[in-house]
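Peer 1: What follows is a predicted protein model with its sequence.
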Amino acid sequence: MSKEDKFYCEGWALLVLTDKGWAEEGIYSDEEDAKYYLEEYKEEFPDCSIRIIEVDIKEKEKVS
């Protein structure tokens, strides 16, 4: 996947630690949005483990 690919973009994943490992809670296109929801989640669930990571997103092409 290259950054020149028209379906490529960077995003930020909000991950929560569960009994089965890290689970995706949400994907955001903007780091500031991800940080905002990270803080919201921490306020609502102060004892959970949560983090954000940068991810590469490649959308699937629509097949007709």
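Peer 2: That came in fine, so what should we check first? None of the values given here were measured: they were computed from a predicted structure.
Peer 1: CA only for contacts and neighbour counts going forward, please
Peer 2: OK.
Peer 1: can you map out the helices along this structure?
Peer 2: 31-44 (DSSP state H).
Peer 1: now the residue nearest the centre of it, which residues is it bridged with?
Peer 2: Centroid-nearest residue in the chain: residue 13, 1.3 Å away (criterion: C-alpha atoms, centre = their mean). Under DSSP bridges, the beta-bridge partners of residue 13 are residue 27, residue 53.
Peer 1: Report how many residues lie close to residue 38.
Peer 2: 20 (other C-alpha atoms under 10 Å).
Peer 1: And it, how close does it get to residue 51?
Peer 2: 7 Å (C-alpha to C-alpha, to the nearest Å).
Peer 1: Quickly list what's touching both of the two.
Peer 2: residue 14 (C-alpha atoms under 8 Å, 6 or more residues apart in numbering).
Peer 1: Report the contact partners of the residue nearest to the centre of the chain.
Peer 2: 24-28, 34, 52-55.
Peer 1: For PyMOL, what selects the buried ones among these?
Peer 2: Filtering those down to the buried ones (16 or more other C-alpha atoms under 10 Å) takes a single PyMOL command:
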select buried, resi 25+27+28+34+52+54
